[in-house]
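> With the input below, show me the fold.
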Amino acid sequence: MPTTVTMPRLTQTMDTGKILRWLRAEGEAVKEGQPLFEVETDKAAVEVEAPASGFVGAILVPEGNEAPIGAAIAHILAAGEEMVRLPADTAPAQTASSLPTASPVSSSPAKSPASSSMATPSQLRASPLAKKLAAQHGIELSMVKGSGPGGRIDKEDVLAAVAALETRGAILSTPPLATVPTPTPVETRQPAGANYQELSPIRKTTAERMAASSHETARVTLFTEVDATELVHTREKVASEFEKLVGVKLTVSHLLLKACAMALREHPYMLAQWEQGRLRATNEVNLGLAVQAEAGLLVPVLNGADALSLKDLAQRATTMVERARRGTFSLAESASGTFTVTNLGMYGVDGFTPIINPPETAILGVGRIAEKPAVVAGRIEPRWQVVLSLSFDHRVVDGAPAAAFLQRLRKLLETPQLLFL
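Residues are numbered from 1 along each chain as shown. Below you'll find the model as predicted:
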């Protein structure tokens, strides 16, 4: 029996997926577990593996089109299997919101690899009832194998084809052609000079989640200015040797992530999450790092960051950021975050109020590290300073505990030797 490939749910917030490219063409052999297609989710571009071995019998959703979760997008046939190909196989895929109530039957559907041995219309033998049923259900008779004398197609053959495809969720029965309504064109007007763009899944999800966060959380933001002089000097002293030994360049972001992981391990209440009027406690220090990529804002996650040495953290974070900017990081690297760090210092921003990334409770904003005059032992001297802004959900954490976490984070950054322990 042919295997129906459906649009998988790759993230909890994913409602539709967009086919970026098919890695196997119709008629091409594929093995179970081999990459079959690449789909754009609300978080990343992900390669999806074939669920079975065989050859691609029909691609239902072309590249560049979207399909809802669970919708049939292709078929995989075993050797010798024949495919009942519907007109929907050749029509561009549409999202659930734009699907018409019925689709007209195409008079010349595309030919699948499995159909090369099927009879031509002039060679077909079918009963009048079989023809009527095929027309009602939108089935091309040339794709149905007859069981009657001389290959004659009977009513039972058509009904068997309909039942088989409906069981696999490959088709929806359509009403007779006479009942197909004619769509009424809807005229849309745009202001002169307006330039509208469709939102990508990532941009759309970011907008929805950030708006929901602003409305649903009791956000409070605390600010503190950290003397980063020792942090800057320590990084400069060890950067060259660190790169030789570890293979990646040590950045201030790596040191910030390490400090956050250590502080969160000591203050796990910052990791709790609000769920349906209750608090869900966790000790998992899974650090998300906001990355601006071509596709939009992505937040890959370092799972178990508190258990990583600075060396391992720097290596994994470097790889994670590179994958995020290419849009090819795995889903395991973008799920299960419990705390996020977002840095706008490279854009010359001193401080800002970051928006919490639900269902997380807190997010740390990092501004630029700048040399400023500071009072040290009664004297004014230049010191490197950085502003940290901690936004948190006051439903989960009160102000004093959040301030204690921020105080500990400041201490770790002002004493960077602790980060190498």
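
> Next SSE downstream of the helix or strand of the chain with the lowest mean pLDDT?
Counting by mean pLDDT, DSSP states H and E, the weakest-scoring helix or strand in the chain turns out to be helix 155-167, with a mean of 70. As assigned by DSSP states H and E, the chain's next helix or strand after helix 155-167 is helix 201-216.

> Keeping just the C-alphas, turn that following helix into PDB.
Extracted C-alpha coordinates of helix 201-216, given in PDB (Å, rounded to 0.1, in the frame of the first residue of the first chain):
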ATOM      1  CA  PRO A 201       6.100  31.800   9.200                       C
ATOM      2  CA  ILE A 202       9.000  33.000  11.400                       C
ATOM      3  CA  ARG A 203       8.000  36.700  11.200                       C
ATOM      4  CA  LYS A 204       4.300  35.800  11.800                       C
ATOM      5  CA  THR A 205       5.100  33.700  14.800                       C
ATOM      6  CA  THR A 206       7.400  36.300  16.300                       C
ATOM      7  CA  ALA A 207       4.700  39.000  16.000                       C
ATOM      8  CA  GLU A 208       2.000  36.800  17.500                       C
ATOM      9  CA  ARG A 209       4.200  35.600  20.400                       C
ATOM     10  CA  MET A 210       5.600  39.000  21.300                       C
ATOM     11  CA  ALA A 211       2.100  40.600  21.200                       C
ATOM     12  CA  ALA A 212       0.800  37.800  23.400                       C
ATOM     13  CA  SER A 213       3.700  38.200  25.800                       C
ATOM     14  CA  SER A 214       2.900  42.000  26.200                       C
ATOM     15  CA  HIS A 215      -0.700  41.300  26.900                       C
ATOM     16  CA  GLU A 216      -0.500  38.200  29.100                       C
END
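
> From the chain's centre, how far out is it? Work that out for me.
Distance of helix 201-216 from its chain centroid, counting by Cα atoms, centre = their mean, to the nearest Å, is 14 Å.

> and the helix or strand just after that helix, which strands flank it?
Next helix or strand after helix 201-216 toward the C-terminus (DSSP H and E): strand 219-227. Counting by DSSP bridges, the strands paired with strand 219-227 are strand 379-393 (antiparallel).

> Next up, the contacts around the nearest residue to Met320 once chain neighbours are set aside.
Excluding its sequence neighbours, the residue lying closest to Met320 (Cβ to Cβ, 6 or more residues apart in numbering) is Pro300, at 4.6 Å. All C-beta spots, glycine's among them, are computed from the backbone N, C-alpha and C. When contacts are counted by Cβ atoms under 8 Å, 6 or more residues apart in numbering, Pro300 touches 288-289, 291, 320-321, 323-324, 329, 333-334.

> So which of these sit within helices?
Counting by DSSP state H, these place 320-321, 323-324 in helices.

> how close does the nearest residue to Arg209 once chain neighbours are set aside get to Val386?
Sequence neighbours aside, Pro358 is the residue nearest to Arg209 in space, at 6.0 Å (criterion: Cβ to Cβ, 6+ apart). Taking Cβ to Cβ, to the nearest Å as the measure, Pro358 falls 27 Å from Val386.

> Please apply the same query to Trp274.
For Trp274, the distance to Val386 - Cβ to Cβ - is 29 Å.

> Comparing Pro358 and Val386, which shows the higher neighbour count?
Neighbour totals were compared for Pro358 and Val386, and Val386 leads with 25 against 16 (other Cβ atoms under 10 Å).

> Please parse this structure into its domains.
3-179, 201-420 (automatic domain parsing).

> Let me have those in CSV, extended by distance to Asn195.
CSV is the format used below for the domains of the chain (distance: least, Cβ to Cβ, whole Å):
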stretch, distance to Asn195
domain 3-179, 20
domain 201-420, 15
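
> Out of those domains, name the one with the poorest average pLDDT.
If the domains of the chain are sorted by mean pLDDT, domain 3-179 sits at the bottom with a mean of 69.

> Spell out which helix or strand contains the nearest residue to Lys249 once chain neighbours are set aside, please.
Of all residues not flanking Lys249 in the chain, Glu243 sits nearest, at 5.3 Å (Cβ to Cβ, 6+ apart). Using DSSP H and E, Glu243 sits within helix 229-246.

> packing partners for the helix or strand following that helix?
Next helix or strand after helix 229-246 toward the C-terminus (DSSP H and E): helix 252-266. Packing contacts for helix 252-266, counted by 3 or more Cβ pairs under 8 Å, 6 or more residues apart in numbering; DSSP states H and E, involve helix 229-246, strand 287-289, helix 310-326, strand 339-343, strand 362-366, helix 399-414.
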